[in-house]
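Trainee: Any chance you can model this:
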Amino acid sequence: MGAGVAGAIKRAGGEEIEREAVAKGPIPVGEAVATGAGSLPARWVVHGAVMGQDLRTNADLVRRTTASCLRVADELGASSLALAAFGTGVGGFPLEECARLMVDEARRFEPVSLRRVVFAVFGDEARRAFEAALSG
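Mentor: Numbering: from 1, shown residues only. Model (predicted):
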């Protein structure tokens, strides 16, 4: 949890998030696990493993990780979930494809408790990609 979104979560929420995540891992690529939220204004943080040690990802992993995060949040009883654009930073995955895949998975998901999914993305290019996917 040093770079990108994971690093930002650790810096904002505290070391306890990383300690708990490490204790629950490693998890298979494409899966997700929840930890407490530390000092973040949330109950949990859902950590999705979209890249392996090779720091690469692909469409299948983006889909599986999105579905896993949605499932974990729903099983926790969460009513909302914020997701970052998986794999588009260090992983170099194309933003437009990521947005399409993640939005498709969110639309396909059949929740019990989860009512709201927010795509919390960084920058105008990512915002435009997710807005286009959401309007399609």
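Trainee: Okay, helices next: where are they in this structure?
Mentor: 4-13, 15-24, 59-76, 95-108, 124-135 (DSSP state H).
Trainee: any idea how far G25 is from the residue nearest the centre of the chain?
Mentor: Nearest to the mean C-alpha position of the chain, by C-alpha atoms, centre = their mean, lies L83 at 4.2 Å. L83 is 19 Å from G25, where distance means C-beta to C-beta, to the nearest Å. Quick note: C-beta positions are derived from backbone N, CA and C, even for glycine.
Trainee: quick revisit: tell me what the residue nearest to the centre of the chain is bridged to.
Mentor: Beta bridges link L83 to F119 when assigned by DSSP bridges.
Trainee: surely it meets A126?
Mentor: No - here L83 lies out of contact with A126, judged by C-beta atoms under 8 Å, at a distance of 11.8 Å.
Trainee: Nearest residue to W44 in space, please, no chain neighbours.
Mentor: Using C-beta to C-beta, 6 or more residues apart in numbering and skipping the chain neighbours, the partner closest in space to W44 is A34 (4.7 Å).
Trainee: so who does that neighbour touch?
Mentor: Taking C-beta atoms under 8 Å, 6 or more residues apart in numbering as the contact definition, A34 lies against 44-47, 72-73, 76.
Trainee: buried residues in stretch 21-41?
Mentor: 21, 29-38 (16 or more other C-beta atoms under 10 Å).
Trainee: same thing with stretch 121-134?
Mentor: 121, 126, 129-130, 133.
Trainee: Does anything pack onto the helix or strand of the chain with the lowest mean pLDDT? Which helices or strands?
Mentor: Lowest mean confidence among the helices and strands of the chain (mean pLDDT, DSSP states H and E): helix 4-13, at a mean of 87. Counting contacts by 3 or more C-beta pairs under 8 Å, 6 or more residues apart in numbering; DSSP states H and E, helix 4-13 is packed against helix 15-24, strand 44-48.
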